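[1] Pasting a predicted model and its sequence here:
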Amino acid sequence: MRPHRPFRPLFRALACLSLLAPALASAPALARPPQSGAPPSQAEAATLDAARKIAEEGLTLYDSARYAEALDRFDRAAALVQAPTMGLMAARSLVKLGRLVEASARYASVTEMPLAPGASDAFKQALTDAAAERKSLTPRIPTLTLTLPPAPQPPSTAPPSKPPSPDTPSPSTLALTRSSSPRAPPPRPSASS
């Protein structure tokens, strides 16, 4: 059973508001010219509203531990409006799904998002959180280290005691021949001179 969280609905409402409210200022697809003080157009407002609703669905799914569906919603919302807060939640969803390498890349993309001069505190906090969470995630990403023995020394230049058989190709002169017959046996290695 999940612990009781009395402030969760309030947090969700504030999170959704902080996810998208400042997005018009920093989203390239929806940005207005900086000198324009005009409110967003109807199309911009509709896009922002659609992204907000999708992000709210994502938060609800994330809170319900339905991380794959939450990730889908955050990605769909981000396709409409680029916001570091949505990228952060997408990265967190990837962590919950165990997709650590992708999560690390998503955190990195969030930290590299440019912010508009008047960006909200929520956007600035998302960049900070993404950097910190990526740093703590990095040690959890599996790595593989291969240690190979030193390469063998080349054979001496002295002549071999027994000449190789002409039927035995040397590794450096191995070649394959291909038959033109479709029912021919598989090609056999042959020595080239």
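    Perfect, thanks for sending it. Numbers count the residues shown, from 1 in each chain.
[2] quick one: contacts of whichever strand or helix holds S104?
    Assigned by DSSP states H and E, S104 belongs to helix 100-111. Identification of contacts with helix 100-111 by CB atoms under 8 Å, 6 or more residues apart in numbering yields 84, 87-88, 90-92, 94-95, 126-127, 130-131, 133-134, 137-138, 140-142. Using the backbone N, CA and C atoms, a C-beta is placed for each residue, glycine as well.
[3] same thing but at 10 Å, please
    The contact list for helix 100-111, computed with CB atoms under 10 Å, 6 or more residues apart in numbering, reads 71, 74-75, 78, 82-97, 99, 123, 126-138, 140-142.
[4] measure stretch 136-155 end to end?
    The first and final residues of stretch 136-155 sit 50 Å from each other (CA to CA, to the nearest Å).
[5] Next: stretch 105-116.
    Distance between the two ends of stretch 105-116: 22 Å, counting by CA to CA.
[6] Pull out the buried positions in that stretch.
    Within stretch 105-116, the residues that qualify as buried are R106, Y107, V110, T111, M113, counting by 16 or more other CB atoms under 10 Å.
[7] Adding distance to P149 and pLDDT, write those out as JSON lines.
    Listed next are those as JSON lines, based on distance: CB to CB, whole Å; pLDDT from 0 to 100:
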{"residue": "R106", "distance to P149": "39", "pLDDT": "97"}
{"residue": "Y107", "distance to P149": "38", "pLDDT": "97"}
{"residue": "V110", "distance to P149": "42", "pLDDT": "96"}
{"residue": "T111", "distance to P149": "40", "pLDDT": "96"}
{"residue": "M113", "distance to P149": "46", "pLDDT": "94"}
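[8] so which of those comes closest to P150?
    Y107 (38.8 Å; CB to CB).
[9] related to what we said a few turns ago, out of the contacts of helix 100-111, which end up buried?
    71, 74-75, 78, 82-96, 99, 123, 126-127, 129-130, 133-134, 137.
[10] Now L61. Nearest residue, chain neighbours left out?
    The shortest distance from L61 to any non-neighbouring residue, by CB to CB, 6 or more residues apart in numbering, is to A70 (3.8 Å).
[11] Please consider this matter closed, and thank you.
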